[in-house]
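> Fold the following, please.
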Amino acid sequence: MSQSGLIDPARAAEWDAWYVEHLRIMLTVSGIYSAQRFKTDSPGYPPSLAMYSIAGAEVFDGLYYRSVRGMGEWMPLIDRRYYQRNLFSGMARAPAVASDAVLLLADREQEDAALADLSLTWLTCVGIDRSTLLRGIAVVTITPAARPGLAIYRPVIDYMISA
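Okay, the predicted model is just below:
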């Protein structure tokens, strides 16, 4: 998962258009199987999240991956408070989130029983920035009430799969 936000909101539409093409390019990398982008208004969370399914950490070592990854020309406009990239284990593939659903996200040091009613799948962070130990995620069609420490991300790009 890659999370970020812009320091110049006036460029958001341009960035959104760039991101569609960026995800298409990422799906040409051997070992990347799916990609989808989300946005949130949940306080304290990065405004943008891209979620990928990958074969494993070795994907990051490939020369082609290294040539197409990252924010490119957008890097100077990325808000460093929100820029996080984490590799998680715990699911074979990232779930597809339909346009009428949302992705729930909770970062914790341990599984949180207070969120048990949400049926989160707890993923373990295994690489890159390691900004959290565990990340709970769930796809739901009925958006729950706001709770502290729970982000609600809505899809802004349909679930994309590699050819």
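> The residue nearest to residue 19 when sequence neighbours are not counted: what's it in contact with?
Computed as Cβ to Cβ, 6 or more residues apart in numbering, the closest residue to residue 19 that is not its neighbour in sequence is residue 37, at 5.7 Å. Bear in mind the C-beta positions are built from the backbone N, C-alpha and C, glycine included. Applying Cβ atoms under 8 Å, 6 or more residues apart in numbering to residue 37 gives the contacts 19, 23, 48, 49, 50, 51, 155, 156, 157.
> in the sheet, who's paired with residue 37?
Partner residues in beta bridges with residue 37, using DSSP bridges, are residue 50.
> Please report how far it lies from residue 157.
Computed as Cβ to Cβ, to the nearest Å, the residue 37 to residue 157 distance reads 4 Å.
> got any residues that touch both of these two?
Going by Cβ under 8 Å, 6+ apart, residues that sit against residue 37 and also against residue 157 are 19, 23.
> Could you save the contacts of residue 37 as CSV and add columns showing pLDDT, distance to residue 135 and neighbour count?
As requested, these are arranged in CSV below (pLDDT from 0 to 100; distance: Cβ to Cβ, whole Å; neighbours: other Cβ atoms under 10 Å):
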residue, pLDDT, distance to residue 135, neighbour count
19, 97, 21, 19
23, 97, 20, 19
48, 98, 16, 24
49, 98, 11, 24
50, 98, 14, 19
51, 98, 10, 23
155, 98, 17, 21
156, 98, 20, 15
157, 97, 20, 18
